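Student: Sequence first, predicted coordinates after that:
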Amino acid sequence: MIMELKNKLKELRVAHGMTQEAVAEHLGVSSQTVSKWERGLLSPDISLLPQIALLFKCSIDSLFDMDLVWSIEHRKEFGEKIHALHEKEDWEGVYQTWIREIELNPDHYGNYADVMLHVYRKKLYDKARVEKMISLAEHAEKCCTDDDKRNEIYRIMLQLCSESMAPDIREKGKYYYKKLPSLRHSREVYAKFVMEGEEYRSQVLKNIIYTIDIAECSVRQLITPDMPPKEKLFYYQKAAALLETILDGKYAGFYDPPLLSDYVEIAKTYVQLGQTDTAEEYITRILTALEKHMAESEREQKSKILYSTRPRSDVPTEQICKKLLQNMLNTTELEPFMEQISDLQKRYEEYVSRKGHP
């Protein structure tokens, strides 16, 4: 449905956080005039339309939602023009055509990503073009409300800026990297464009930990209380296997508790299935891991993949493991192993006390 001009003007003003008085001051009219526009009692003079479009950073056509009326035909003609230029390999012509299109329709942010991608793919890396792309990205950052389009612009720009030899432009690449959300396939896979050496290696290691952590939590979420024991066992073992991949049986510090929690559930389930001997194997794994916490020499034997990663929580590891042991003592299924658990629990509490943790 096409929005009336009065509603469009009010929508744009509110979206830009402006009062009627502020709009009036920018356009050189009275606030009463702006009020009448928004109430449909008066229409802006045609000579003011370019100033209104500039103020709200949109095209004149969008003020009247004309893009809904003619965009299909226009896009068809534009697409044909771009295709013809590609056929002739006129990359400068493609670039200029995209820029003119953006100037006519500055609020169509999908076009921004297209011209940026063209500059990147065709290696049109001269400083003037890259600075033009940066100015477009800055405009989109301020005015585009579509997160997906804005993130796509950030992704392309960090790659484009990383190709520059100019330090200030390369710094902009790092800026766009930081603007990307650190979820799924967004920021992490682009680290190589803005980092190198040990900084890049450290970031990749953190990405690995983050990805496995999310995967392990997701597998655990598939488990339901009414699930048959054998099915629960399957999922807990899969979750544990993900963490085992990065821990290699070494001291894991902050990354031990989730794996040990999985081992507790696996041991409980094996007891429920009548396989106490197998359950004991997992109890031994838990106790062995916690013994490493109390031995300074063992604490130095860290997994290589865990190197340089940061803690996931402000809560000390020892405090989490202490609670884990206490919960194990209160778990009925683990009754066959209470003597072993109780012995370690006492020694672990003494260790935690010596370290000064509550």
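Tutor: All right, it came through fine.
Student: just for the stretch 201-350 of the chain, where's the confidence low?
Tutor: Applying pLDDT under 70 to the stretch 201-350 of the chain picks out residues 306-315.
Student: repeat that with 80
Tutor: Under the criterion pLDDT under 80, the flagged ranges of the stretch 201-350 of the chain are 254, 300, 302-315.
Student: Tell me which stretches of the stretch 151-300 of the chain form helices.
Tutor: With DSSP state H, counting those that start in this stretch as the definition, the stretch 151-300 of the chain shows helices at residue ranges 167-179, 197-221, 229-247, 256-272, 276-293, 296-299.
Student: With the stretch 1-150 of the chain instead?
Tutor: Going by DSSP H, counting those that start in this stretch, the stretch 1-150 of the chain shows helices at 5-15, 20-27, 31-39, 49-55, 60-63, 67-87, 91-104, 110-121, 127-143, 147-162.
Student: which stretch among those comes nearest S353?
Tutor: Go through the helices of the stretch 1-150 of the chain one by one with C-beta to C-beta and the one that ends up closest to S353 is helix 147-162, at 48.4 Å. Backbone N, C-alpha and C define where each C-beta goes, glycine included.
Student: Could you chop the chain up by domain?
Tutor: The chain breaks down into these domains under automatic domain parsing: 5-63, 67-194, 205-355.
Student: need those domains in a markdown table with mean neighbour count, can you?
Tutor: Below are the domains of the chain laid out as a markdown table (neighbours: other C-beta atoms under 10 Å):
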| stretch | mean neighbour count |
| --- | --- |
| domain 5-63 | 16 |
| domain 67-194 | 16 |
| domain 205-355 | 16 |
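Student: if I pick E244, what's in contact with it?
Tutor: L259 (C-beta atoms under 8 Å, 6 or more residues apart in numbering).
Student: I'd like to know how far it sits from I99.
Tutor: For E244, the distance to I99 equals 54 Å [C-beta to C-beta, to the nearest Å].
Student: Now do the same contact list for the nearest residue to A289 once chain neighbours are set aside.
Tutor: If the residues on either side of it in the chain are set aside, A289 comes closest to D256, at 5.6 Å by C-beta to C-beta, 6 or more residues apart in numbering. Contacts were defined as C-beta under 8 Å, 6+ apart; by that measure D256 touches L247, A289, L290, H293, T317, C321.
Student: how near is the nearest residue to T211 once chain neighbours are set aside to I208?
Tutor: Spatially, and ignoring its direct neighbours in sequence, T211 is nearest to E188 (7.8 Å; C-beta to C-beta, 6+ apart). Using C-beta to C-beta, E188 is found at 9 Å from I208.
Student: Same check on P50?
Tutor: With distances taken as C-beta to C-beta, P50 is found 53 Å from I208.
Student: cool, and K178?
Tutor: Taken as C-beta to C-beta, the spacing of K178 relative to I208 amounts to 20 Å.
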